[in-house]
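Participant: 3D model of this:
(2 chains)
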Protein chains: 2
Amino acid sequence: MVMMQNIDPSEKILLSHGSGGKATQELIKNVIASIFNNPYLDELEDSSVLPLESIVNQHVNIPGHLVMTQDSYVVKPLFFPGGDIGKLSVCGTVNDLATAGAIPLALSVGLIIEEGFELETLEKILRSMKQTADSVGVSLITGDTKVVERGHGDGIYISTAGVGFVSKDVRLGKGLVKDGDLILINGPIGDHEACIMSARGDYSIGVDISSDCAPLSELVQAIIREVSDVRWMRDPTRGGVAAVLQELVDDSEFDALIDEESLPVRESTANLCEILGIDPIFMANEGKMIFVVSPGSAEKCISIMNRFEVGKGARIIGKIAKGKGRLIMETAYGTSRIVTLPSGSQLPRIC
Amino acid sequence: MVMMQNIDPSEKILLSHGSGGKATQELIKNVIASIFNNPYLDELEDSSVLPLESIVNQHVNIPGHLVMTQDSYVVKPLFFPGGDIGKLSVCGTVNDLATAGAIPLALSVGLIIEEGFELETLEKILRSMKQTADSVGVSLITGDTKVVERGHGDGIYISTAGVGFVSKDVRLGKGLVKDGDLILINGPIGDHEACIMSARGDYSIGVDISSDCAPLSELVQAIIREVSDVRWMRDPTRGGVAAVLQELVDDSEFDALIDEESLPVRESTANLCEILGIDPIFMANEGKMIFVVSPGSAEKCISIMNRFEVGKGARIIGKIAKGKGRLIMETAYGTSRIVTLPSGSQLPRIC
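Facilitator: This next block holds a predicted model:
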């Protein structure tokens, strides 16, 4: 039995909000479903139905695949310049679908909320999820809510799963990468992690950095639609550009050569990195995609990306060459060095 | 920067296991993918692909729908008689799909692990997930891992999403329920919550109760396949049989009449309930399904359920009658009383 006197249920999340009883039903009906607001959720069932024919028909009889993904978000702080845990939890999952070349069909969400969490804050986070999902035309169609005791759970954790559809014509994979292919990115790197570092206030450095947190499905779909020889793509989140490129060339007969001069880094992020002695290539991004494309398509990709707000800073940052599975940074001085991944985390709880 | 000396990485989960770097890759490759062991996961991408044609073809051109669901699991303790958080996280999600009449196609999993959690315990939980998923022929195809600081997160939280397929011929819904329909359940109620109460040791009562935690997709599929007039079904988890039946009749012109005598309750669970003054009708189950069926099909449903280990205790427990949206308990003494849901939780963190 849990007694919860002295807490106004209209303002704080209580354990009973996660118990499956009346309080849970009210929270779901009056807050969650009312904010997410879509016909799937109105049913308030434990699952939601997506009509399969409409998925197939909508894609004009293109045969294809379903893609499924899930990510949990434990970012600290919950709100930061450029975003919040809600926006992040939709962007991250949508971008994982985009990485597979898929358009998002539906999202589901698991909320793990700490007892005593402010309802107003929860609503703000849910509205942010809704707004981000709307911006890419996807709905949050099902989910559940659990409440854990005060002192656990850091306010809120969000786990977001997504289902997407990818046409059979989309072929992407490490195996397609060739000697001479170019490596592209849609804008400056490191902003998300630099922003979280700065927002967390562990460093008394007065920097003004916004997270790059943004959904990329439209930019990615445009590239896939208009360019036939995209070989591989990946969103450089935790571990940064270095981690995904290292993973690309691992156990392969190629090296990934990065031109340090071409790597786009905002001044404020560069300054923070310099003070802390961190290379922005290791820092997490939440609105970036790395593409490996044939040399002949690189300029076209850049101009497609430039059509989108999230692709204004698009650049060629390096190339693929015959090699030994190494990530190599070519510096402005004409020298080069092998980049090795740090084994631990630079900053925990960044997403 | 996080320093974690004095912790043996081979035995405990570190923050770096959630950072996206080498440690994360090793954990995923050597522990998670190695235990979940399926071709989807071997790709180690951020998402997994399900071939859409094979889904459609596998179901012999039956037109149908995709069903999506997600639930998070924060149960305390993590291990209890009859199950653990891993088994629970697969059963709960599979049963939510079953409730929609769907067979499970794929599961994804978000792990939120506390720094310092024992790797051996994690492996035990993951193996339990794998075993439960295998028992219903579904794979854990994608997911991610986050690590939160020591003192947060209670060891481990698991959020499991699922995608299922339901034939268009399956029609279920509140709207189909008719006066005179019978209410069925596949076995004794309240065991999961009674087991968690007892395992948590808050009450010094020496009871021996196992959770009923079990996947129900096979039992449910058999009923759907062989009985044409199943009106509605629902798994009575948090809030128990009372909560789901109340939800069924809410705002309807029906009452749900429960025959107290017919309600199957194990002796040990009944004893615990009596001592604590709780009605087992409010207690959570994790391996039960309530069916509302036409009177003519009830006996057939019981005999189908009896074919399964999880349906040996199947019973008719009540009926639907014209009324005012009330849940009414008819006692052995010929009297009846209106059941009202408790507004808070009897026990938090039961699933």
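
Participant: residue contacts, the closest residue to chain B within the stretch 1-150 of chain A?
Facilitator: At 2.3 Å from chain B, A:Gly20 is the closest residue in the stretch 1-150 of chain A, using C-beta to the nearest C-beta. Bear in mind the C-beta positions are built from the backbone N, C-alpha and C, glycine included. Counting by C-beta atoms under 8 Å, 6 or more residues apart in numbering or on different chains, A:Gly20 touches B:Thr237, B:Arg238, B:Gly239, B:Ala243, B:Ala284, B:Ser345.

Participant: Just say helix, strand or coil for A:Val109.
Facilitator: strand (DSSP: H, G, I helix; E, B strand; the rest coil).

Participant: Now do the SS call for whichever residue of the stretch 201-350 of chain A sits closest to chain B.
Facilitator: Closest contact between the stretch 201-350 of chain A and chain B, by C-beta to the nearest C-beta, is at A:Arg238 (2.3 Å). Here A:Arg238 is recorded as coil under three-state DSSP.

Participant: ok, the residue lying closest to it once chain neighbours are set aside to A:Ile258 distance?
Facilitator: Leaving aside its chain neighbours, A:Arg238 sits nearest to B:Gly20 (2.3 Å; criterion: C-beta to C-beta, 6 or more residues apart in numbering or on different chains). Distance, B:Gly20 to A:Ile258, by C-beta to C-beta, to the nearest Å: 18 Å.

Participant: Is A:Tyr346 in a helix, a strand, or coil?
Facilitator: That one is not Tyr; residue A:346 is Gln. coil.

Participant: Isn't A:Leu347 up against A:His192?
Facilitator: No. When contacts are counted by C-beta atoms under 8 Å, A:Leu347 is not listed as touching A:His192 (10.3 Å).

Participant: which residues touch A:Ser135?
Facilitator: Counted by C-beta under 8 Å, 6+ apart, A:Ser135 has contacts A:Pro215.

Participant: For chain A, name the helix or strand with the lowest mean pLDDT.
Facilitator: Among the helical and strand segments of chain A, the one scoring lowest on mean pLDDT, DSSP states H and E is helix A:52-58, with a mean of 55.

Participant: now the angle from the very next helix or strand once past it to strand B:64-73?
Facilitator: Where DSSP states H and E defines the elements, the next helix or strand beyond helix A:52-58 is strand A:64-73. Our comparison of strand A:64-73 with strand B:64-73, counting by axes from the mean of the first three to the mean of the last three C-alpha atoms, to 10 degrees, yields an angle of 20 degrees.

Participant: per-residue confidence averaged over whatever helix or strand comes next after strand A:64-73?
Facilitator: Of the helices and strands lying after strand A:64-73 in sequence (DSSP H and E), the nearest is strand A:79-80. For strand A:79-80, the mean pLDDT works out to 96.

Participant: and what of stretch A:284-304?
Facilitator: In this model, stretch A:284-304 has an average pLDDT of 98.

Participant: Is there proximity between that stretch and chain B?
Facilitator: Yes. Applying C-beta under 8 Å from any C-beta of the partner chain, one finds stretch A:284-304 touching chain B at A:Ala284.

Participant: Look up how far B:Thr142 lies from A:Gly162.
Facilitator: A:Gly162 sits 10 Å away from B:Thr142, going by C-beta to C-beta.

Participant: Give me the common contacts of the two.
Facilitator: Both A:Gly162 and B:Thr142 are in contact with A:Met68, A:Thr69, A:Gln70, B:Ser47, where contact means C-beta under 8 Å, 6+ apart.

Participant: Tabulate the residues you listed (JSON lines), appending neighbour count.
Facilitator: Listed next are the shared contacts of A:Gly162 and B:Thr142 as JSON lines, based on neighbours: other C-beta atoms under 10 Å in any protein chain shown:
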{"residue": "A:Met68", "neighbour count": "28"}
{"residue": "A:Thr69", "neighbour count": "31"}
{"residue": "A:Gln70", "neighbour count": "30"}
{"residue": "B:Ser47", "neighbour count": "27"}
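
Participant: from the residues you listed, which is closest to A:Leu248?
Facilitator: Nearest to A:Leu248, judged by C-beta to C-beta, of the shared contacts of A:Gly162 and B:Thr142 is B:Ser47 at 16.4 Å.

Participant: Check what pLDDT the closest one gets.
Facilitator: pLDDT, read off for B:Ser47, is 73.

Participant: For it, which non-adjacent residue is closest in space?
Facilitator: B:Ser47 sits nearest to A:Thr69 (C-beta to C-beta, 6+ apart), 3.5 Å away.

Participant: Which residues of the stretch 201-350 of chain A lie near chain B?
Facilitator: So the stretch 201-350 of chain A meets chain B at A:234-235, A:237-239, A:243, A:247, A:284, A:341-349 (C-beta under 8 Å from any C-beta).

Participant: which element is the most centrally placed residue in chain A on?
Facilitator: Residue closest to the average C-alpha location in chain A (C-alpha atoms, centre = their mean): A:Gly92, at 2.3 Å. If you go by DSSP H and E, A:Gly92 is part of helix A:85-99.

Participant: how about the strands in the stretch 201-350 of chain A?
Facilitator: Here the stretch 201-350 of chain A has its strands, by DSSP state E, counting those that start in this stretch, at A:230-234, A:254-259, A:290-293, A:315-322, A:327-330, A:336-338.

Participant: Now do the same for the second one: mean pLDDT, whole number.
Facilitator: Spelled out, it's strand A:254-259. On average, strand A:254-259 scores 98.

Participant: Can you tell me which helices and strands that strand packs against?
Facilitator: Contacts defined by 3 or more C-beta pairs under 8 Å, 6 or more residues apart in numbering or on different chains; DSSP states H and E place strand A:254-259 against helix A:240-249, strand A:315-322, strand A:327-330.

Participant: From the chain's centroid, how far away is that strand?
Facilitator: On the basis of C-alpha atoms, centre = their mean, to the nearest Å, strand A:254-259 is displaced by 24 Å from the centre of the chain it belongs to.

Participant: now the angle between helix A:240-249 and that strand, please.
Facilitator: 160 degrees.

Participant: what number of residues lie near A:Ser128?
Facilitator: 20 (other C-beta atoms under 10 Å in any protein chain shown).

Participant: Then A:Pro104?
Facilitator: Residues near A:Pro104, counting by other C-beta under 10 Å: 25.
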